[in-house]
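[1] mind looking at a prediction? Sequence and model below.
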There are 2 protein chains.
Amino acid sequence: MRSDTATTWPMTDFAATRRLFDLPEGVIYMDGNSLGPLPRAAVRRLDRAAREEWGGMLITAWNRAGWMDMPRRLGDRIARLIGAPEGSVVVGDTLSIRLWQALASALDLNPGRRVILSDSGNFPSDLYMAQGLIRTLGRGHDLRVVAPDEVESAIDDSVAVLMLTEVDYRTGRLHDMAALSAQAKAAGALTVWDLAHSAGAIPVDVTGAGADFAVGCTYKYLNGGPGAPAFIHVAPRHLPNVTPALAGWLGHRAPFDFDPDYRPADGIDRMRVGTPPVLQMAALDAALDVWEGVDMADLRQRSMELSERFVSAVLAGCPDLALASPEDPTARGSQVSFRHPQGYAVMQALIEAGVVGDFRAPDLLRFGITPLYLSEGDIDRAAEKLAEIIGSGSWNDPRFHRRAAVT
Amino acid sequence: MRSDTATTWPMTDFAATRRLFDLPEGVIYMDGNSLGPLPRAAVRRLDRAAREEWGGMLITAWNRAGWMDMPRRLGDRIARLIGAPEGSVVVGDTLSIRLWQALASALDLNPGRRVILSDSGNFPSDLYMAQGLIRTLGRGHDLRVVAPDEVESAIDDSVAVLMLTEVDYRTGRLHDMAALSAQAKAAGALTVWDLAHSAGAIPVDVTGAGADFAVGCTYKYLNGGPGAPAFIHVAPRHLPNVTPALAGWLGHRAPFDFDPDYRPADGIDRMRVGTPPVLQMAALDAALDVWEGVDMADLRQRSMELSERFVSAVLAGCPDLALASPEDPTARGSQVSFRHPQGYAVMQALIEAGVVGDFRAPDLLRFGITPLYLSEGDIDRAAEKLAEIIGSGSWNDPRFHRRAAVT
């Protein structure tokens, strides 16, 4: 990401970024919003981490290969993509754990209130983690879940924490992070933003928006690989006051003193918990290299162009499909969805034809629009394939109706 | 691990297991109790997971490559090494998180009591996680930390949970899991056993011992790689009554229903939280292959022989060193420690000489005894090198006194 973009637009060479990925021949991959594809450099980086670092340096690699600093170093690389200052983001654990940490900390900082406000467009895991936390706390907190367009009117002075996912995982509907954060702040509430479908998908400015906590995953638009670690951002103004609920060894001020009492580290390091996943971080590190040449404003422009092109072509070619995403591209993240009553079978037929999107119950065909590796030609061919399948009714074949464990 | 060991002992070919590891030329590695070395097969397995599965199958690998089932499948592989039944162990997250889950669940099952009993030989992270949980719960729980040899007398009817690490990370002192678990049970307390230095180090029988919960890591004696995921075992009798505090998406009964309310999965799957670390699990899977030909009784016998050989040679050759581990090999795990007032510098000199152990503050030289890849010759040479360093005083060189970040 570069910030000096005023003079020569576009600065990002998307044909060049495409060459950094290893995509199977003949596949148009539109599921990068679920699992980003393999950056070529990740294979080499993983091999190096295994052979040279783990195999060759053994335990000394914690120092010599910089393993111990990776959660913080990778955090700083992600910070630049979400508008966070250096030293305010750390990597490790899963998104669920990071969400739990953020929510527990936010509730702790707002002890006089009992309401967690969220919306029905949030990913279920965030709601589950909140439910588990509420039960664990046993202090009568209330998870209030409203429709996405009712969030604004539901923010009142009972709300302790506003917990939202910026981009709806099903429709791509985009919340106004700055406006809602400002409103929450005015009402005395803290904010926890889940950036699962934002980081690497759209420009994000957690600092400008005044967000208190933000969390996200790195296996979607950041292409960190299956099970890549999550990240957490805590606004620097809160860090000194955050007492970690998950008080882990590596969040201690001096882990190698083996002090029997927990004393949190300074700054974002206190959000570290246990031993970080070094091999996953190696792959993620390689994946983040791709972003060095990418301007987020260019990415957003290109994402909107490609998604508009796809929506137009699909709606023209597939009269059975209805757009489930907002029509206005500025009101969406970097994905679009369509409804079809037999969406599952249609998507299986499409995948067999080499266009990989995914299905979300009950009836959504979901497509990630990822300019790093999708071209106009890909978009046009994907829309053509979909129109062929809908037009021919080939999805009626019984083999497309058998459900797999993961959909 | 094989159970039909009655007739032909030893059944395990330790020269063969040695060839399964890729160890640097000239290095004698005695820090496998901190980070196990690289199993040769892990490199190939990681490459396959990256290229063929992530790169080639993309999102479909969750089904086609079996990623979704790996936490449970690897859990069953580990179950055999710790005496747990199939379906009672699941892999993922870090040991700190798993400890937290176990402790939170155990407290939840014993709501009328407020004392968590542990000992000063526990790894600090376990104490920190307990402190964080107590603060989060806010219900006046008390973490009572006694000396290891006072645990037995401290178990009384105020204890909700007995939380211990079976093998002391500094001295290798081994608790009697069966006796303490029985005593805890008789007093109405539940047990949480941390097997960090037990799994793959000594025979463990959580079922025979009547343990309620057990957790462990896989990057030490199980050689799963840096940041390899942890595991949790819940005794099947408790599973139906465990309501996960970390209520994650993948612990839900039907994740792909995207139900807004958490309903725990049947059995051990409810302890799953977020997206598991697929690349780390691939390396761990390869590492667990090594155990297919290993009988744990053989391993224990060999570990005691090698450790006795090492202790005798070191005490004979290094009059400045004092044994910090129990003298009786059956009272230790698979590691031995010695005290030296300048232990840090001595260990740095030893590492430079090609013998890798580690240092634990304030004065401990720690050595992992790992029969899978250490021979009598390694043990003899390691003791000789240590005697040379102590005898010559070469550790006095200032370069051995500079502290690294991780020790």
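    Happy to help now that I have it. Residues are numbered from 1 along each chain as shown, chains lettered A, B, ... in the order given.

[2] contacts for stretch A:239-251?
    The contact list for stretch A:239-251, computed with CB atoms under 8 Å, 6 or more residues apart in numbering or on different chains, reads A:71, A:88, A:97, A:100-101, A:104-105, A:108-109, A:234, A:255, A:262, A:264-265, A:267-276, B:94, B:96-97, B:100, B:123-125, B:128-129, B:131-133, B:135-136. Where C-beta positions appear, they are placed from N, C-alpha and C, glycine not excepted.

[3] among those residues, which ones are in helices?
    Judged by DSSP state H, helices contain the following of the contacts of stretch A:239-251: A:71, A:97, A:100-101, A:104-105, A:108-109, B:96-97, B:100, B:124-125, B:128-129, B:131-133, B:135-136.

[4] quick check: ChimeraX command selecting the buried ones in those residues.
    This is how ChimeraX selects the buried members of the ones in helices among the contacts of stretch A:239-251, with burial counted by 16 or more other CB atoms under 10 Å in any protein chain shown:
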select /A:71,97,100,101,104,105,108,109 /B:96,97,100,124,125,128,129,131,132,133,136
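
[5] quick check: pLDDT value at A:Arg403.
    The per-residue pLDDT reported for A:Arg403 equals 79.

[6] could you check how many residues crowd around the closest residue in space to it that isn't next to it in sequence?
    Spatial nearest neighbour of A:Arg403, excluding adjacent residues (CB to CB, 6 or more residues apart in numbering or on different chains): A:Tyr344 at 7.1 Å. If you count neighbours by other CB atoms under 10 Å in any protein chain shown, A:Tyr344 ends up with 23.

[7] can I assume A:Tyr344 sits in a helix?
    Yes: counting by DSSP: H, G, I helix; E, B strand; the rest coil, A:Tyr344 is found in a helix.

[8] that one touches A:Arg366, doesn't it?
    No: A:Tyr344 lies out of contact with A:Arg366 (CB atoms under 8 Å); the separation is 11.7 Å.

[9] now do the shared contacts for these two.
    Contacts common to A:Tyr344 and A:Arg366, judged by CB under 8 Å, 6+ apart, are A:Phe359.

[10] only alpha carbons, please: show the helix or strand encompassing A:Leu350 as PDB.
    Per DSSP states H and E, A:Leu350 falls inside helix A:343-352. Output of helix A:343-352 as PDB, limited to C-alpha atoms (Å, rounded to 0.1, in the frame of the first residue of the first chain):
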ATOM      1  CA  GLY A 343     -28.700 -22.200  -5.200                       C
ATOM      2  CA  TYR A 344     -26.800 -25.100  -3.800                       C
ATOM      3  CA  ALA A 345     -27.100 -27.300  -7.000                       C
ATOM      4  CA  VAL A 346     -26.500 -24.300  -9.300                       C
ATOM      5  CA  MET A 347     -23.200 -23.600  -7.400                       C
ATOM      6  CA  GLN A 348     -22.100 -27.200  -7.600                       C
ATOM      7  CA  ALA A 349     -22.700 -27.200 -11.400                       C
ATOM      8  CA  LEU A 350     -20.800 -23.900 -11.700                       C
ATOM      9  CA  ILE A 351     -17.800 -25.300  -9.700                       C
ATOM     10  CA  GLU A 352     -17.700 -28.300 -12.000                       C
END
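
[11] show me the contacts for A:Ile379.
    A:Ile379 makes contact with A:306, A:309-310, A:313, according to CB under 8 Å, 6+ apart.
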